[in-house]
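J.: Build me a model from this:
(one chain, ligands or ions: 2)
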Amino acid sequence: MTTTTTLAQVYREHPIHLRDIIPLDFNSIRSVPDSHVWPISDDFSSDHQLMVPIIDLKDPNAVKLAGHACKTWGAFQVINHGIHLNLLEEVESEARRLFSLPTQTKMKALREPAGATGYGLARISPFFPKYMWHEGFTIMDSPTDHARALWPTGNARFCDVIERYQKQMKVLAEKLTDLILESLAIFREDLNWDVGSPSTALQLNSYPPCPNPNRAMGLAPHTDTSFLTILYQGSISGLQIFKQGAGWISMLPVTGALVVNVGDLLHILTNARFPSVLHRAVLNQEGSHRVSVAYFYGLPIECSVSPLLKLLDSGENPRYRPVTVKEYVDIKSKYFEEPLTSIRI
Ligand SMILES: O=C(O)CCC(=O)C(=O)O
Ligand SMILES: [Fe+2]
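T.: Numbers count the residues shown, from 1 in each chain. Ligands and ions are numbered 1, 2, ... in the order given. Predicted coordinates:
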């Protein structure tokens with residue numbers, strides 16, 4: 001008998017303690033509690049002049065530029081991506097509407113300990129000694145169940161915007177995947193991706209105004225478990241990526257642009273030629289409430305991922321053993337720090 005697993009089912013095997021799910025009641029808090037105080041870091045505000053590439057998808061050189069950006073940065077921003085600014089603004093506004101609900105209402109959609117969707121802290125929280133100044137809302141497939149809990153009498157607008165966004169993100173993620181594969185001279189036929197549909201998730205993030213933004217962390221450094229991630233961050237900065245030799249670089253918001261991050265699965269497939277980018281979100285110094293919307297695009301859960309031999313230089317060995325997406329998500333849920341090391345050959 002074959003059973004098809006879903007991403008949510010993989011997460012079910014890694015229950016999280018409620019204390020690592022329930023966010024702080026940010027509305028009632030006047031100072032940063034010790035549980036949320038991070039060691040002072042002098043690198044929160046990065047003054048590097050380096051600029052992550054902005055790629056125009058209509059540029060005839062887009063393929064080459066995307067390949068170069070993935071290789072040297074593990075990230076880039078895209079413009080002319082085909083998603084209307086209106087829809088980006090609508091999804092941001094729905095996210096703000098959700099996070100502005102009273103705490104008791106948001107708690108009605110709280111993620112369950114063994115759950116994958118709903119309101120709560122980031123999944124990476126248990127791996128850090130301090131809590132983040134963050135609340136999130138995860139959607140997989142249909143948003144309706146949680147939306148009904150949040151707005152029992154009227155949730156059509158939220159669901160409509162989210163569903164339109166999910167649909168368009170999927171189209172864009174596929175377009176970006178084709179672009180990236182083309183930059184590597186890889187054809188879809190070289191891959192074994194026809195074993196199900198892509199595993200995707202939509203993550204709404206909220207970073208409420210913080211009384212002491214230099215002592216708290218928005219979202220701690222991590223790489224995404226996806227193949228690639230498409231992030232809308234509105235007009236408030238906060239996202240930073242780590243670049244070897246340069247340190248933390250701010251990803252400055254560009255009106256209407258979307259951030260594309262290389263995720264772990266693309267990292268494995270390319271034998272680290274396109275490295276998954278370490279990134280974090282720091283808090284806004286001016287006390288603005290920042291929200292962001294991340295679309296994680298992953299490969300089918302049963303798909304086996306390994307470095308493509310076609311990409312290896314002569315004498316270069318594959319660094320990673322083959323893993324299925326399910327197995328990799330499982331490993332990352334257990335060993336947050338070194339998931340890629342644990343599959344090294
Ligand atoms: O809010 C941001 O800019 C980053 C969000 C992020 O990295 C994530 O949701 O995985
Ligand atoms: Fe991320």
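J.: pretty sure residue 91 is in contact with residue 161, am I right?
T.: Yes - under the criterion of C-beta atoms under 8 Å, residue 91 is in contact with residue 161, at a separation of 5.7 Å. No exception for glycine: its C-beta is placed from N, CA and C like everyone else's.
J.: Looking at these two, which has the bigger crowd around it?
T.: Taking residue 91 and residue 161 together and counting by other C-beta atoms under 10 Å, residue 91 has the greater number of neighbours (26 against 20).
J.: The one helix or strand that one maps to close to ligand 1?
T.: Using DSSP states H and E, the element containing residue 91 is helix 85-99. No - using C-beta under 6 Å from any ligand atom, no contact is recorded between helix 85-99 and ligand 1, whose separation bottoms out at 10.9 Å.
J.: Tell me which residues are up against whatever helix or strand comes next after that helix.
T.: Next in sequence after helix 85-99, counting helices and strands by DSSP H and E, comes helix 103-106. With C-beta atoms under 8 Å, 6 or more residues apart in numbering as the test, helix 103-106 has contacts from 25, 27-28, 98-99, 119, 135, 150.
J.: and stretch 249-267, does that touch ligand 1?
T.: No - residues of stretch 249-267 contacting ligand 1 under C-beta under 6 Å from any ligand atom: none, with a closest distance of 7.3 Å.
J.: how about that stretch: buried residues?
T.: If you call a residue buried by 16 or more other C-beta atoms under 10 Å, then stretch 249-267 has these buried ones: 249-251, 253, 256-267.
J.: Ok, stretch 270-281 next?
T.: Of all the residues in stretch 270-281, those buried under the rule 16+ other C-beta under 10 Å are 270-271, 273-281.
J.: What is the nearest of those to ligand 1?
T.: Each of the buried residues of stretch 270-281 was scored against ligand 1 by C-beta to the nearest ligand atom, and residue 281 proved nearest at 4.0 Å.
J.: I'd assumed residue 259 was in contact with that closest one.
T.: No - in this structure residue 281 lies outside contact range of residue 259 using C-beta under 8 Å: 11.4 Å.
J.: can you list residues touching both of those two?
T.: residue 239.
J.: Tell me where the stretch 1-150 of the chain has helices.
T.: With DSSP state H, counting those that start in this stretch, the ranges of helices along the stretch 1-150 of the chain come out as 7-12, 62-72, 85-99, 103-106, 144-150.
J.: For the third one, C-alpha coordinates in CSV please.
T.: So the one you mean is helix 85-99. Presented in CSV, the C-alpha positions along helix 85-99 are these (Å, rounded to 0.1, in the frame of the first residue of the first chain):
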residue,chain,number,x,y,z
LEU,A,85,1.2,45.6,-6.6
ASN,A,86,-2.5,45.7,-5.6
LEU,A,87,-2.4,42.0,-4.7
LEU,A,88,0.9,42.5,-2.7
GLU,A,89,-0.7,45.4,-0.8
GLU,A,90,-3.9,43.4,-0.2
VAL,A,91,-2.0,40.5,1.3
GLU,A,92,0.0,42.8,3.5
SER,A,93,-3.2,44.5,4.6
GLU,A,94,-4.9,41.2,5.4
ALA,A,95,-1.8,40.1,7.4
ARG,A,96,-2.0,43.4,9.4
ARG,A,97,-5.7,42.9,10.0
LEU,A,98,-5.1,39.4,11.3
PHE,A,99,-2.3,40.4,13.7
